[in-house]
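Novice: Have a look at this fold, sequence not included:
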């Protein structure tokens, strides 16, 4: 398979979400035209994007929803389970732990970690909040693959560096700082305030053009 | 000023964050080369990006941190206050309400709304959780500009439509659905699970190339 462009990859989760909804509605086939209407993108972009993976659609016959869902699921690595823990059990950490869809998609959130004694011992839907002192042993013993960092930026960097030494290969980083590592550690930064700034940019831009 | 490209705009919040850190460290001037090292992008991209706004840098002299910060702040619409409320006072809604940096950047989060009687009356750092039945009157009476939607996807669409009728012009949408409106309503969708899927894509892609 040819290397898929970053732009296409960034659109895959959205296809996955829409296909999931179609499956829930028991829809078995969909044309690029219908999907285009639902997703508010052109049918030609859909055909081009999905052609990257080859042979999903048949002319005049549409896409097989289940097949396309399964293939995109494999591409996104969602066909295998992923062990994840959350460091920082405040509101954001708990929000992620309690988000039911992660479980359906193969994410096993086995524990949260915090240093706050008021939180330690509490339970979320499927996991327990543990003392952060156990984090490094836990990660090693349980082969944790992904760590979500929902703690302030100051401790986040240090904790992440120690976790890399313990064998963690991937970070889902909500701390307000960019994490960077040498080697092949994978980091996906989510800076919530930056998306809010994109919103205010658009408000400000609209206001200026209306004046 | 020429129309700034989407790609540049999407990078502005990151410049803003780094400039904020430089200011905190009392650094007054910075060269594109130093900034490039900090931000892990090329100096030439930085010069190109910042040239869009004209006249911030001087050859051999670097950028004035405060001036650049102020100009980007204006571009991002952060020089004026923004009234925001949050609909859905679960963990995610409370996480946003308690995030102190929003206040520093001119976001006035005046209230959260929920239908859960156990949450109504509770307080976050600066705001109170109110009964969702008061939402529409509150928004009209207080000229709320931005609504953050941190509630499940089923009610999110209906609530948003009613809020548009009440004059809300911008949504920061965390509900697991794409909101779309006719007219000039601004929506910034934040789908957390999609960023997690980008992470698993990269894990899966790395695993395949190692085999």
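Specialist: Noted; the coordinates are in hand. Just so it is clear, the model here is predicted, and its values are computed rather than measured.
Novice: what about residue A:131, how many residues close to it?
Specialist: The local packing count at residue A:131 equals 15, with neighbours defined by other CB atoms under 10 Å in any protein chain shown. Quick note: C-beta positions are derived from backbone N, CA and C, even for glycine.
Novice: which residues does it contact?
Specialist: Going by CB atoms under 8 Å, 6 or more residues apart in numbering or on different chains, residue A:131 touches A:113-115, A:120.
Novice: Kindly recompute the last result at 10 Å.
Specialist: With contact taken as CB atoms under 10 Å, 6 or more residues apart in numbering or on different chains, residue A:131 is in contact with A:113-117, A:119-121, A:138.
Novice: Show me the beta-bridge partners of the residue nearest the centre of chain A.
Specialist: Closest residue to the average C-alpha location of chain A: residue A:172 at 7.9 Å, with CA atoms, centre = their mean. In this entry, residue A:172 is beta-bridged to residue A:148, residue A:188, by DSSP bridges.
Novice: most neighbours, which of the contacts of residue A:131?
Specialist: Most neighbours among the contacts of residue A:131, by other CB under 10 Å: residue A:113, with 26 neighbours.
Novice: Doesn't that one lie inside a strand?
Specialist: Yes: under DSSP: H, G, I helix; E, B strand; the rest coil, residue A:113 sits within a strand.
Novice: show me where chain A has strands.
Specialist: Assigned by DSSP state E, chain A shows strands spanning A:29-30, A:57-58, A:62-64, A:82-87, A:107-114, A:128-131, A:146-149, A:170-173, A:186-189.
Novice: Establish whether the fifth one and chain B are in contact.
Specialist: To tie it back to what came earlier, the one meant is strand A:107-114. Yes: Strand A:107-114 is in contact with chain B by CB under 10 Å from any CB of the partner chain, via residue A:107.
Novice: Flag the shaky bits of chain A, pLDDT-wise.
Specialist: Scanning chain A for pLDDT under 70 picks out A:1-2, A:53-60, A:211.
Novice: just the helices in it please.
Specialist: Applying DSSP state H to chain A gives helices spanning A:6-24, A:32-39, A:43-51, A:65-75, A:91-97, A:100-104, A:135-141, A:153-165, A:192-210.
Novice: most tightly surrounded among those helices?
Specialist: Neighbour counts (mean count of other CB atoms under 10 Å in any protein chain shown) averaged over each of the helices of chain A peak at helix A:91-97, with a mean of 25.
Novice: coming back round to it: from the strands of chain A, which stretch is densest packed?
Specialist: Mean neighbours per residue, mean count of other CB under 10 Å, is largest over the strands of chain A for strand A:146-149, with a mean of 25.
Novice: on contacts alone, who are the packing partners of that strand?
Specialist: Other elements packing on strand A:146-149 under the criterion 3 or more CB pairs under 10 Å, 6 or more residues apart in numbering or on different chains; DSSP states H and E are strand A:82-87, helix A:91-97, strand A:107-114, helix A:153-165, strand A:170-173, strand A:186-189, helix B:192-210.
Novice: Would you mind telling me which of those is nearest residue A:36?
Specialist: Among those, the nearest to residue A:36 by CB to CB is helix B:192-210 (19.3 Å).
Novice: now check the closest one, is it near chain A?
Specialist: Yes: contact between helix B:192-210 and chain A, assessed by CB under 10 Å from any CB, occurs at B:192-210.
Novice: Next one: residue A:99 from chain B, what distance?
Specialist: With distances taken as CB to the nearest CB, to the nearest Å, residue A:99 is found 7 Å from chain B.
Novice: likewise residue A:145?
Specialist: Noted for residue A:145: a distance of 7 Å to chain B, by CB to the nearest CB.
Novice: how many neighbours does residue A:177 have?
Specialist: Other residues close to residue A:177 by other CB under 10 Å number 17.
Novice: Who are the contact partners of the nearest residue to it once chain neighbours are set aside?
Specialist: In space, and not counting its chain neighbours, residue A:177 is closest to residue A:153: 4.0 Å by CB to CB, 6 or more residues apart in numbering or on different chains. Counting by CB under 10 Å, 6+ apart, residue A:153 touches A:173-179, B:21.
Novice: likewise residue A:210?
Specialist: Counting by CB under 10 Å, 6+ apart, the residues that residue A:210 touches are residue B:184.
Novice: Would you check how far apart residue A:198 and chain B are?
Specialist: 6 Å.
Novice: how about a markdown table for the helices and strands packed on strand A:146-149, with distance to residue B:101 added?
Specialist: Shown next, in a markdown table, are those (distance: least, CB to CB, whole Å):
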| stretch | distance to residue B:101 |
| --- | --- |
| strand A:82-87 | 20 |
| helix A:91-97 | 13 |
| strand A:107-114 | 21 |
| helix A:153-165 | 10 |
| strand A:170-173 | 16 |
| strand A:186-189 | 16 |
| helix B:192-210 | 19 |
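Novice: can you tell me which of the ones you listed comes nearest to residue B:142?
Specialist: The closest approach between residue B:142 and any of the helices and strands packed on strand A:146-149, judged by CB to CB, belongs to helix A:91-97 at 24.1 Å.
Novice: tell me what the closest one is packed against?
Specialist: Using 3+ CB pairs under 10 Å, 6+ apart: helix A:91-97 touches strand A:82-87, strand A:107-114, strand A:128-131, strand A:146-149, helix B:91-97, helix B:192-210.
Novice: In TSV, list the contacts of residue A:153 along with distance to residue B:168.
Specialist: Shown next, in TSV, are the contacts of residue A:153 (distance: CB to CB, whole Å):
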residue	distance to residue B:168
A:173	31
A:174	26
A:175	30
A:176	27
A:177	32
A:178	32
A:179	35
B:21	33
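Novice: Widest-spaced pair of those residues?
Specialist: A:174 and B:21 (17.4 Å).
Novice: Can you verify my assumption that residue A:145 contacts residue A:109?
Specialist: No: contact criterion CB atoms under 10 Å: residue A:145 and residue A:109 do not qualify, at 11.6 Å.
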